[in-house]
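**Student:** Give me a 3D structure for the following:
(2 chains)
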Amino acid sequence: QKEVEQNSGPLSVPEGAIASLNCTYSDRGSQSFFWYRQYSGKSPELIMFIYSNGDKEDGRFTAQLNKASQYVSLLIRDSQPSDSATYLCAPQKAAGNKLTFGGGTRVLVKP
Amino acid sequence: GAGVSQSPSNKVTEKGKDVELRCDPISGHTALYWYRQSLGQGLEFLIYFQGNSAPDKSGLPSDRFSAERTGGSVSTLTIQRTQQEDSAVYLCASSPSSNQPQHFGDGTRLSIL
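**Tutor:** Numbers count the residues shown, from 1 in each chain, chains lettered A, B, ... in the order given. A predicted model of the protein is given here:
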């Protein structure tokens, strides 16, 4: 079992729709959770982080965390073509401090 | 302020040569990380520096890889006797302290011929 599982996609969504990305992780010691966006040929860019169970909203992005289920998700509302990228889920252990990345979900927003 | 700066942006070298990759973190960030991303692969942790503590080297793939961080700021990742499987993008990230969000540099694309 991989430490961090993401559907590789591509997740194809029409412009203006909601993109829903899921991530499961195996290490129950994970404390912090980060979502990065990576455009092709570019480095990862932090878009959201969440530490507590529940929802966290920032603009068009909402992160949802359920530690009991070891599940974290990212919703992108009003998807735009510029949101087309690979989204990386990255849990972080309090002790280890390194990020363990999932393989990423490729999102394709079609005009 | 400036972000994480990495140099060179691209490096092409012959198999068996040594290479040095440099990372200049965001000013004031005490935590510095190295990752690599191979073609079609995920991001793989290599090494982590936090202040004056001993680095976490658990991700280094072989003893050909080493890294140092001088003066708590700039870091150098050294790969000795490079192999073709070392070809990847090497990414450096820094954060204000451990457990805070990491911000990545643009990476060094390393190609071993």
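
**Student:** Can you tell me how far residue B:36 is from chain A?
**Tutor:** 11 Å (CB to the nearest CB, to the nearest Å). C-beta coordinates here come from the backbone N, C-alpha and C atoms, glycine included.

**Student:** Pull up the residues of chain B that are close to chain A.
**Tutor:** B:31, B:33, B:35, B:42-45, B:48, B:50, B:56, B:58-59, B:89, B:91, B:93, B:98-99, B:101-107 (CB under 8 Å from any CB of the partner chain).

**Student:** Contact residues of chain A facing chain B?
**Tutor:** Residues of chain A lying near chain B (CB under 8 Å from any CB): A:31-32, A:34, A:36, A:42-46, A:49, A:88, A:90, A:92, A:94, A:96-104.

**Student:** buried subset of these?
**Tutor:** A:32, A:34, A:36, A:43-44, A:46, A:49, A:88, A:90, A:92, A:96-104 (16 or more other CB atoms under 10 Å in any protein chain shown).

**Student:** how about residue A:82, phi and psi?
**Tutor:** Main-chain torsions, residue A:82, degrees, to the nearest 10: phi -70, psi -10.

**Student:** how close does it get to chain B?
**Tutor:** Taken as CB to the nearest CB, the span from residue A:82 to chain B is 19 Å.

**Student:** so what's that residue closest to, chain neighbours aside?
**Tutor:** residue A:109 (7.8 Å; CB to CB, 6 or more residues apart in numbering or on different chains).

**Student:** my guess is the one you found meets residue A:18, correct?
**Tutor:** No. Between residue A:109 and residue A:18 there is no contact, the gap being 11.0 Å when judged by CB atoms under 8 Å.

**Student:** Name the nearest residue to residue B:12, ignoring sequence neighbours.
**Tutor:** For residue B:12, ignoring the flanking residues on the chain, the nearest one in space by CB to CB, 6+ apart is residue B:111 at 4.7 Å.

**Student:** helix, strand or coil for the one you found?
**Tutor:** strand (DSSP: H, G, I helix; E, B strand; the rest coil).
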